[in-house]
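Asker: Curious how this folds, go ahead:
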Amino acid sequence: MPETSKITLPIARLARENEEFRKVLWTGDKTQLVLMAIPEGGEIGGEVHEGHDQLLYFVAGTGEARIGDTTGPVGEGDVAIVPSGAFHNFRNSGSGMLKLYTTYSPPEHEPGTEHATKAEAED
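Answerer: All right, here's what the predicted structure looks like:
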């Protein structure tokens, strides 16, 4: 699916309906909007984004967030704030998919990037 050119989106619904590990919806000069779905027992994978702030908005499921030295639960209605340079990982600790949308500032992925699974994203 190519990126959208719409300027308004039903983002929570799109995130709940998404089944792909990563799907870039929109990329601007300074920000990027991405959908993610993490399967039961899965995780995004520990990483650090130098020069990129990230906000993750959770719309379904339950999980565990690790940002820097802090670990805590995340679920529907929560937002996680990951400042540039902070180690972070998000793990699905519940049943069913952990679904979210995230913004990167500036963009992190190539426009139009889609990964059906985490394994595909790592290739």
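
Asker: Only C-alpha atoms from now on, for both contacts and neighbour counts.
Answerer: Noted.

Asker: What separation is there between residue 60 and residue 93?
Answerer: Taken as CA to CA, to the nearest Å, the spacing of residue 60 relative to residue 93 amounts to 12 Å.

Asker: should've said residue 28
Answerer: Computed with CA to CA, the distance linking residue 28 and residue 93 is 32 Å.

Asker: Compare the two (neighbour count), which wins?
Answerer: A side-by-side neighbour count of residue 28 and residue 93, using other CA atoms under 10 Å, places residue 93 first with 22 against 11.

Asker: For the residue nearest to the more buried one when sequence neighbours are not counted, which residues are in contact?
Answerer: The shortest distance from residue 93 to any non-neighbouring residue, by CA to CA, 6 or more residues apart in numbering, is to residue 63 (4.6 Å). Shown here is residue 63, whose contacts under the criterion CA atoms under 8 Å, 6 or more residues apart in numbering are 73, 74, 75, 90, 91, 92, 93, 94, 98.

Asker: Could you measure from the fifth one over to residue 62?
Answerer: It stands for residue 91. Taking CA to CA, one finds residue 91 at 9 Å from residue 62.

Asker: same question, the first one
Answerer: In this structure, residue 73 lies at 7 Å from residue 62, with CA to CA as the measure.

Asker: cool, and the third one?
Answerer: Between residue 75 and residue 62 the computed distance is 4 Å (CA to CA).

Asker: Tell me what residue 98 is bridged to.
Answerer: Here residue 98 shows beta-bridge partners residue 38, assigned using DSSP bridges.

Asker: is it true that it touches residue 37?
Answerer: Yes: Residue 98 sits in contact with residue 37 when judged by CA atoms under 8 Å, with a separation of 5.7 Å.

Asker: for the chain, what are the low-confidence residue spans?
Answerer: Within the chain, the set of residues satisfying pLDDT under 70 comprises 1-2, 107, 109-115, 121-123.

Asker: Next up, identify which helix or strand the residue nearest to residue 93 is on.
Answerer: Assigned by DSSP states H and E, residue 63 belongs to strand 62-67.
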